[in-house]
Structure formats: structure tokens, C-alpha cells
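Trainee: Sequence and predicted structure, then a few things I'm wondering about:
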Amino acid sequence: MIGALRIPFFIGLALAIAFSGGIAATKIALDAEDPFDVLEIGPWVANPLAQTAGANPYDKARRALGDGSGLGQAEGLVFRATTDTSGAPLLASCAYLVAGQVPASRVWIMRLTGLSGEISHAEPPFSRALHSASVLRAPDGAFEIRLGAEARSGNWLFLSGDGPFGIEFLLFDTPAAGNFGLIDLEMPEIERQDCADA
């Protein structure tokens with residue numbers, strides 16, 4: 001009797017390992033950084049084709065799972081950063097200076113997010129996002145935005161906690177979305193200033 005059950009047991013065990021391994025590998029592939037079709041400018045990464053019919057299978061799967069934080073190619077482009085310009089991870093226990101310019105766009109929003117792209121909310125009266133119309137700029141259009149737990153004059157976004165975070169620039173109605181690779185794009189530098197635990 002035991003010998004008769006041995007073969008079905010091993011077949012069931014092999015199928016369970018194969019299914020669980022396949023599901024785990026798929027989850028890892030979907031959660032990983034996408035190496036396909038990306039546009040990198042310093043620490044900033046964008047995927048202009050992610051929301052189009054020409055997207056790769058991983059992007060289509062992410063879209064099907066509900067990662068709707070992207071913009072269609074006709075709407076604009078989303079740049080994300082999880083490291084500073086030197087390559088060090090962004091940590092909420094540190095203060096940062098985001099300075100420079102963004103590609104031409106009708107409107108842009110800079111917001112703080114979690115590592116997986118979820119929007120980070122702050123307690124009132126603090127903000128975790130800035131709009132292009134509310135940012136103070138130099139005559140040439142360049143700006144400086146300070147991130148940190150302590151309030152600063154000028155453009156400032158509130159950071160709290162000590163874990164990793166991300167920054168998103170949502171560029172609406174920008175020629176960069178359809179002409180990437182054909183025009184020179186410039187994104188701001190992200191410079192770490194100081195850290196609470198240093």
C-alpha cells in the first residue's frame with residue numbers, strides 16, 4: 001500500500017515545487033528593476049514605453065497587476081529616483097538638495113514615494129509634493145528643492161522617518177515622452193546634505 005502511494009506522492013511534490021518556484025520567480029521578476037526600454041539620466045529612470053502597446057511583457061504584467069502610476073505616451077513621462085547622484089540610496093533620515101532643471105513640459109509635479117512607487121503622504125500642514133507653478137526659480141528656470149525634516153526657506157518638502165524612499169517627477173504634455181533618444185534631456189541633481197545619524 002505504501003509503495004503504491006510513493007509515485008503519486010513524488011509527482012505531487014514535484015508539481016508543488018514547480019508551481020511555487022514558478023510563482024516565486026515571476027514575483028521576483030515583476031518586483032525587480034526593469035532593465036528593458038529604460039531611459040536613464042543620472043539617478044533618474046523613466047520607461048517611456050511602459051504604458052503603450054509596445055511595452056515589454058514585464059511592463060504589461062505590472063500594468064495588469066494595477067501599477068497605474070505611469071502616464072500614457074501622449075500624456076507625459078514619469079522619472080523615478082531611489083538613489084542620489086552619487087549612487088547612494090535615498091534615506092529619510094538625511095537631508096537632500098534637488099537642483100537643476102527638468103525637460104520642457106506644460107506642467108510637472110515632484111512627489112516623494114515609497115520604493116515601490118506608492119505615494120507618500122505627510123501630516124498637515126506639511127507637503128510631500130510640489131507643483132511646477134508653485135516652485136521658486138532662478139531667471140534661467142533652474143530651481144532648488146530641499147528635502148528634510150527641518151523646515152527650510154524657499155522650496156522645501158518634509159521628510160520623516162529613517163527608511164528608504166523615492167522621488168518622482170511627473171512631466172505632463174512633454175515632448176520628451178515621444179522623442180526620447182532624439183533630444184538631449186536634463187534632469188536635476190540629487191545631492192545628500194547631512195544625516196541625522198551621522
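Mentor: Received it, and whenever you're ready, just let me know what you need.
Trainee: domain ranges for the chain?
Mentor: By the assignment in automatic domain parsing, the chain contains the domains 1-32, 35-195.
Trainee: gap between the two ends of stretch 21-39?
Mentor: According to CA to CA, to the nearest Å, stretch 21-39 extends 31 Å from its N-terminal end residue to its C-terminal end residue.
Trainee: Give me the buried positions along stretch 157-168.
Mentor: The neighbour-count criterion (16 or more other CB atoms under 10 Å) identifies 157, 158, 159, 165, 166, 167, 168 as the buried residues of stretch 157-168. C-betas here are computed from N, CA, C, even on glycine.
Trainee: Between these, which has the least confident prediction?
Mentor: When the buried residues of stretch 157-168 are sorted by pLDDT, the bottom entry is residue 159 at 86.
Trainee: Just give the strands next to the stretch of helix or strand residue 40 belongs to in its sheet, each with its orientation.
Mentor: Secondary structure from DSSP states H and E places residue 40 in strand 39-41. Each strand that strand 39-41 pairs with, and the sense of that pairing, follows from DSSP bridges: strand 44-46 (antiparallel).
Trainee: got the contact list for the partner strand?
Mentor: 33, 38, 39, 77, 78, 79, 80, 81, 169, 180, 187 (CB atoms under 8 Å, 6 or more residues apart in numbering).
Trainee: could you flag which of these are buried?
Mentor: If we count by 16+ other CB under 10 Å, the contacts of strand 44-46 have these buried: 39, 77, 78, 79, 80, 81, 169, 180, 187.
Trainee: among the buried residues of stretch 157-168, which are in strands?
Mentor: With DSSP state E as the criterion, strands contain 157, 158, 166, 167, 168 from among these.
Trainee: who are the neighbours in contact with the last one?
Mentor: When the contact criterion is CB under 8 Å, 6+ apart, the partners of residue 168 are 69, 78, 79, 80, 81, 109, 110, 111, 112, 113, 117.
Trainee: Go through stretch 87-101 and flag the buried ones.
Mentor: By neighbour count, with 16+ other CB under 10 Å as the criterion, the buried positions of stretch 87-101 are 90, 91, 92, 93, 94, 95, 96, 97, 98, 99, 100.
Trainee: meant to ask about stretch 191-198
Mentor: Within stretch 191-198, the residues scored as buried using 16+ other CB under 10 Å are residue 192.
Trainee: Most widely separated two among the buried residues of stretch 87-101?
Mentor: The largest separation in the buried residues of stretch 87-101, counting by CB to CB, is between 93 and 100 at 23.8 Å.
Trainee: Which parts of the protein are strands?
Mentor: For the chain, the strands defined by DSSP E occupy 39-41, 44-46, 76-81, 94-100, 107-113, 129-131, 143-148, 155-158, 166-172, 189-195.
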